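Novice: what's the 3D shape of this:
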Amino acid sequence: MTIAHRPSVTKAVIPAAGLGTRFLPATKATPKEMLPVVDKPAIQYVVEEATSAGLTDILMVTGRNKRPLEDHFDRAYELEELLAGKGDQDKLAKVRESSELATMHYVRQGDPKGLGHAVLCAEPHVADQPFAVLLGDDLIDPRDPLLAKMIEVQGELGGSVVALMEVDPEDIHLYGCAEVKPAEWPGGRGVDQGEVVRITDLVEKPDREAAPSNLAIIGRYVLDPAVFEVLHETKPGRGGEIQLTDALVELAKRTPGRGGPVHGVVFKGRRYDTGAKADYLRAIVRLASEREDLGPEFRDWLRAFVTTELPEMGY
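Specialist: Residues are numbered from 1 along each chain as shown. Presented below is the predicted three-dimensional model:
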C-alpha cells in the first residue's frame, strides 16, 4: 500500500477500566484517572495530547464506577449557568474546556482481562483503520509532541509504532523491553533519523541480565487494525490477562500488508509518570513548578522547605 493510499490516523483509544488499587482509599469511589494533577484530572492531560495530535474522535474503555469520567467530558449546564450569572468568565472557560476537546465515546470492558482485551473492546468503533492508544499513567509534556511523531512514522512506514524510552538498565525489569535494530528512516519530516528503530521482539519485564536493551515501552501506541485479528487469537498470559505485547510480537514478524512491521520511536522528552504514589507526587511538583501562575510562589516555598524545614525535621 502506498503512502497516498494508506489510511490516516483519526481515532484514539484510552483504556481507563483499571481499579487504581495503588491509590486506595482515594480511589474507592473516585476513578484514578480523575485524581488531580495540579488542577486538572490526569485523564484530561491525555485527551488534550490526543487532540493536539489531531485525534478528535476518542473512545474511552471504561469499567464500573467510571461514570465521573463521562461527566467530566460532558456539559455541566447548571454550573455553567451559575458561573455565567456571576460573570466569572475565567472559570466558565475552564469548565467548558473539557467538554469541547473532542467527540467522546465510551464502551465498558466488563471483565478486567488486561490491556490487550481493552484494546480489543475498541474493534467495533475503530474497524479497519489505524488508531492510537494512550495509557493514562504516562503524561507527555505538550512541548515534546511524541504522538504526532509516531503518527508521522506510521503514515510513512505502515504497520504499528510503539513509544520507547531509555531507562537505567537496573530498572528495565520494571518495564516491557524492546529488542531493536536500525530502521530504514532517512530522517526529516519532524522525526530525526536516530529516533526510529525497527522492533524485532518485545519482552515483558525481563530479568536485568536477560534484557535485550534498556529501551522500555511507555504508554503510547499507533496500531495497525490487524492487531484485532491477532488479539482474537492471543491466549491469556500472566495473571490470566491478554497482553498487547504478545500481539505486537506477532505483528513484528509480519510483512507490510499483513499488519507488520512494528517500529519504535525513541522518546527523549519530558514524561510524567502518575502510575505510583511517589511518581504522582513528583509529577505534580514538576508541573506546578513550571506554571506561570503558580510557579514563582511555589518554587520559593519548595526551596525554603528543602533547605530549611526538611533539615529541621531531621531529614
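Novice: and stretch 84-95, how far apart are its ends?
Specialist: In terms of CA to CA, to the nearest Å, the two terminal residues of stretch 84-95 are separated by 11 Å.
Novice: Give me the contact list for it.
Specialist: Taking contacts as CB atoms under 8 Å, 6 or more residues apart in numbering, the residues outside stretch 84-95 that touch it are 76, 79-80, 83. For the C-beta atoms, the positions are set from N, CA and C on the backbone; glycine is no exception.
Novice: give me that answer again for 10 Å
Specialist: 39-40, 75-76, 79-83, 100 (CB atoms under 10 Å, 6 or more residues apart in numbering).
Novice: Adding neighbour count, write those residues out as TSV.
Specialist: As requested, the contacts of stretch 84-95 are arranged in TSV below (neighbours: other CB atoms under 10 Å):
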residue	neighbour count
D39	12
K40	15
R75	13
A76	15
L79	13
E80	15
E81	11
L82	14
L83	19
E100	10
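Novice: from those residues, which is closest to I199?
Specialist: K40 (33.0 Å; CB to CB).
Novice: so that closest one touches L287, yeah?
Specialist: Yes. Counting by CB atoms under 10 Å, K40 does reach L287; the two are 9.4 Å apart.
Novice: Now do stretch 305-315: everything it contacts.
Specialist: 301, 304.
Novice: An error on my part: the question was meant for stretch 73-83.
Specialist: The contact list for stretch 73-83, computed with CB under 10 Å, 6+ apart, reads 41, 43-44, 47, 58, 60, 88-96, 98-104, 106.
Novice: Do me a favour and average the pLDDT over that stretch.
Specialist: Regarding stretch 73-83, the rounded mean pLDDT is 95.
Novice: Alpha carbons only: can I get it in CSV?
Specialist: Coordinates of each C-alpha in stretch 73-83 appear next as CSV, following Å, rounded to 0.1, in the frame of the first residue of the first chain:
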residue,chain,number,x,y,z
PHE,A,73,-16.2,15.5,29.4
ASP,A,74,-19.9,16.3,29.3
ARG,A,75,-21.5,19.7,29.6
ALA,A,76,-22.4,20.9,33.2
TYR,A,77,-25.2,23.2,32.4
GLU,A,78,-26.2,24.2,36.0
LEU,A,79,-22.6,25.0,36.9
GLU,A,80,-22.1,26.9,33.6
GLU,A,81,-25.2,29.0,34.2
LEU,A,82,-24.1,29.7,37.8
LEU,A,83,-20.7,30.9,36.6
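Novice: Would you quantify the distance from S8 to A53?
Specialist: Per CB to CB, to the nearest Å, S8 is found 12 Å from A53.
Novice: do the same with R271
Specialist: Counting by CB to CB, the gap from R271 to A53 is 16 Å.
Novice: Settle it for me: which of these two has more neighbours?
Specialist: More crowded of R271 and A53, by other CB atoms under 10 Å: A53, with 22 against 18.
Novice: Please name the spatially closest residue to the more buried one (chain neighbours excluded).
Specialist: Nearest residue to A53, sequence neighbours excluded (CB to CB, 6 or more residues apart in numbering): L147, at 4.1 Å.
Novice: Can you give me the buried ones in whatever helix or strand that neighbour lives in?
Specialist: Per DSSP states H and E: L147 is located in helix 146-157. Residues 146-147, 149-157 are the ones in helix 146-157 that count as buried (16 or more other CB atoms under 10 Å).
Novice: Output those in JSON lines, with pLDDT appended to each entry.
Specialist: Formatted as JSON lines, the buried residues of helix 146-157 follow (pLDDT from 0 to 100):
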{"residue": "L146", "pLDDT": "95"}
{"residue": "L147", "pLDDT": "96"}
{"residue": "K149", "pLDDT": "94"}
{"residue": "M150", "pLDDT": "95"}
{"residue": "I151", "pLDDT": "95"}
{"residue": "E152", "pLDDT": "93"}
{"residue": "V153", "pLDDT": "94"}
{"residue": "Q154", "pLDDT": "94"}
{"residue": "G155", "pLDDT": "92"}
{"residue": "E156", "pLDDT": "90"}
{"residue": "L157", "pLDDT": "92"}
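Novice: between those residues, which is nearest L294?
Specialist: Using CB to CB, those come closest to L294 at L146, 24.9 Å.
Novice: Show me the strands in the stretch 101-250 of the chain, by range?
Specialist: 103-108, 131-134, 138-140, 160-166, 176-182, 196-204, 215-223 (DSSP state E, counting those that start in this stretch).
Novice: got the contact list for the fifth one?
Specialist: To tie it back to what came earlier, the one meant is strand 176-182. Counting by CB under 10 Å, 6+ apart, 162, 164, 167, 193-194, 196-206, 210-218, 243-245, 248-249, 252, 262-264, 266 sit against strand 176-182.
Novice: Got a ChimeraX select line for the buried ones in the residues you listed?
Specialist: Filtering the contacts of strand 176-182 down to the buried ones (16+ other CB under 10 Å) takes a single ChimeraX command:
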select :162,164,167,196,197,198,199,202,203,206,211,213,214,215,216,217,218,243,244,245,248,249,252,262,263,264,266
